[in-house]
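A.B. asks: sequence unavailable; structure follows:
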């Protein structure tokens, strides 16, 4: 193992006390690019500047392959290559093939067509909340089930199975889980999808998984694609809706502005993506020597990409630590950048732009049911958010 | 203003369609960019430039009148 570099940092992970939406304070002093000691002993880099993070995301000389990389978040040991269908862990041309098959299914136009259905799902859950009365845990009552039902219907997953799958996703995204535990959870989830794919091949229905049985994806690849789409669709939007609600409730002036000016909804969503950066850290590994910001990144070195630091870079966003729904946050890297930029981003946007305004307008007195300091935050997960959000009205 | 799109580079993220829907669309089959208006009016310059800047795969080039 390499000796840790004395001039290198470890990834700061502790958020400032009482500021659940802010990145660790130390990150700001590390822009744009510094040496970093990784948890497994690897000597790599930490990119925190907006332009630097964006440049690495976009540069094909950096690879996403798991087996070449080192996790910036935990010592997970050597990582196996991506299983079939997991397009997040392969470069061109394998990635290009998957992306080509899927991009047409997630276009702006196709996702907009889901509007009516998502509005109905949203209204249904708000009705139930109104009937039950507060306090409720917003995650269980609203933030999880709305996007979960949406993605299950889109893919063709029986709604009754979503909670089983949710358990697998929770382990896969848990930074404290061992690689063996994460792999076992992935395999269990993939096994579920494998059975579902067989069902769709035998009896195709009107949904995306059935459509994909018409492509050249084999059963392994299709099960992997389904696992990725379902997994990615469950945890991300749910945390954005819940953490976004938390942010709005603790910024009452912004919440009032959103209620008064519904035309600000779209840019509120972009600003929440920037300000909250729930997928806080990513990484890439150099395939060849690359010069970046005057430094030489050698082939084989991993660069941790701090999405949350990039989205708070004052060189890109004025007063970046201020949550302001009147700003244009377009260009944030909350969905990543480059060829791996989030495939489901237009679905996420439609979900958020329907769910968040509907919630805050349905309950004009919506408020936290416990002090803000008592909300349990997902410090322990790859995807940031809240474990629970008790609210009442 | 003249716009050039590279369908080979495009990954179908859809940002251009969100930002400048009068200028860009996505192919219904592969999700890739379709140029609706290769020479949009000056009023569309700002949104088209924004689409060029945020395109994740660098598939859009805008040449403004007067640019060399």
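C.D. replies: Received, thanks. In this text the structure is predicted, and so the values were computed from the model without any measurement.
A.B. asks: quick check: whatever residue of the stretch 251-393 of chain A ends up closest to chain B vs residue A:49, distance?
C.D. replies: When distances are taken as C-beta to the nearest C-beta, the stretch 251-393 of chain A reaches nearest to chain B at residue A:341, 3.9 Å away. Glycine gets a C-beta too; all of them are placed from N, C-alpha and C. From residue A:341 across to residue A:49, the span is 19 Å (C-beta to C-beta, to the nearest Å).
A.B. asks: same question for residue A:256.
C.D. replies: Counting by C-beta to C-beta, the gap from residue A:256 to residue A:49 is 34 Å.
A.B. asks: more neighbours: which of these two?
C.D. replies: Between residue A:256 and residue A:49, residue A:49 has the larger neighbour count (other C-beta atoms under 10 Å in any protein chain shown), namely 19 against 12.
A.B. asks: list the residues that contact the closest residue to chain B within chain A.
C.D. replies: Chain B sits closest to residue A:103 of chain A, with a gap of 2.9 Å, by C-beta to the nearest C-beta. Neighbour list for residue A:103: A:343, B:11-13, B:30-32 [criterion: C-beta atoms under 8 Å, 6 or more residues apart in numbering or on different chains].
A.B. asks: what about residue 26, how many neighbours?
C.D. replies: In the absence of a named chain, this looks at chain A. Neighbours of residue A:26 (other C-beta under 10 Å): 16.
A.B. asks: sorry, I should have been clearer: chain B.
C.D. replies: 24.
A.B. asks: across the sheet, point out what pairs with it.
C.D. replies: Applying DSSP bridges to residue B:26 gives these bridge partners: residue B:33.
A.B. asks: so who does it touch?
C.D. replies: A:104, A:107-109, B:12, B:14, B:17, B:32-34 are the contacts of residue B:26 under C-beta under 8 Å, 6+ apart.
A.B. asks: now list the buried members of those.
C.D. replies: A:104, A:107-108, B:12, B:14, B:17, B:32-33 (16 or more other C-beta atoms under 10 Å in any protein chain shown).
A.B. asks: quick one: the residue of the stretch 251-393 of chain A closest to chain B and residue B:14 touch, right?
C.D. replies: No. Using C-beta atoms under 8 Å, residue A:341 is not in contact with residue B:14, being 9.9 Å away.
A.B. asks: three-state assignment of the residue of the stretch 251-393 of chain A closest to chain B?
C.D. replies: coil (DSSP: H, G, I helix; E, B strand; the rest coil).
A.B. asks: residues touching it, list them.
C.D. replies: A:57, A:335, B:11, B:13, B:56-57.
A.B. asks: residue A:192 too?
C.D. replies: By C-beta under 8 Å, 6+ apart, the neighbours of residue A:192 are A:161, A:164-165, A:168.
A.B. asks: which element is it on?
C.D. replies: Following DSSP states H and E, one finds residue A:192 within helix A:179-202.
A.B. asks: average model confidence for that helix?
C.D. replies: Mean pLDDT, computed over helix A:179-202, is 90.
A.B. asks: now swap in stretch A:237-250 and tell me
C.D. replies: The average pLDDT for stretch A:237-250 rounds to 97.
A.B. asks: okay, now residue 57: neighbour count?
C.D. replies: Using chain A here. The burial count for residue A:57: 23, using other C-beta under 10 Å.
A.B. asks: switch to chain B, that's the one I care about
C.D. replies: Neighbour number of residue B:57 under other C-beta under 10 Å is 20.
A.B. asks: what's the distance between it and chain A?
C.D. replies: From residue B:57 across to chain A, the span is 6 Å (C-beta to the nearest C-beta, to the nearest Å).
A.B. asks: how about that residue, secondary structure?
C.D. replies: From three-state DSSP, the assignment for residue B:57 is coil.
A.B. asks: quick one: it from residue A:54, how far?
C.D. replies: 12 Å.
A.B. asks: rewinding a little: look up phi and psi at the residue of the stretch 251-393 of chain A closest to chain B.
C.D. replies: phi -50, psi 140 (degrees, to the nearest 10).
A.B. asks: residue A:297 too?
C.D. replies: phi -90, psi 120.
A.B. asks: go ahead and confirm it touches residue A:290.
C.D. replies: Yes. Using C-beta under 8 Å, residue A:297 is in contact with residue A:290, at 4.7 Å.
A.B. asks: comparing those two, which residue is more hemmed in?
C.D. replies: Higher neighbour count among residue A:297 and residue A:290: residue A:297, with 25 against 18, using other C-beta under 10 Å.
A.B. asks: picking that back up, what sits against the nearest residue to the residue of the stretch 251-393 of chain A closest to chain B once chain neighbours are set aside?
C.D. replies: Once flanking residues are discounted, residue A:341 sits nearest to residue B:56: 3.9 Å by C-beta to C-beta, 6 or more residues apart in numbering or on different chains. Contact analysis of residue B:56 by C-beta under 8 Å, 6+ apart lists A:57-58, A:336-339, A:341, B:11, B:13, B:15.
A.B. asks: of those, which is the most crowded?
C.D. replies: Counting by other C-beta under 10 Å, top hit in the contacts of residue B:56: residue B:13 with 31 neighbours.
A.B. asks: by mean pLDDT, which helix or strand of chain A comes out lowest?
C.D. replies: helix A:162-172 (a mean of 81; mean pLDDT, DSSP states H and E).
A.B. asks: show me what counts as buried in stretch A:268-279.
C.D. replies: A:268-279.
A.B. asks: which residues does that stretch contact?
C.D. replies: A:21, A:23, A:236, A:239-240, A:243-244, A:247, A:254, A:258, A:307-308, A:311-312, A:317, A:323-325, A:327-330, A:332, A:334-336, A:349, A:352-353, A:356, A:382-385.
A.B. asks: which helix runs longest in chain B?
C.D. replies: Secondary structure assigned by DSSP state H gives helix B:45-54 as the longest helix of chain B.
A.B. asks: which one is residue A:327 nearest to, not counting chain neighbours?
C.D. replies: residue A:271 (6.1 Å).
A.B. asks: check residue A:81 too.
C.D. replies: residue A:67 (4.5 Å).
A.B. asks: residues near the one you found, how many?
C.D. replies: That count, for residue A:67 with other C-beta under 10 Å as the rule, works out to 12.
A.B. asks: ok, the one 4 residues further on next?
C.D. replies: A count of neighbours around residue A:71, defined by other C-beta under 10 Å, yields 21.
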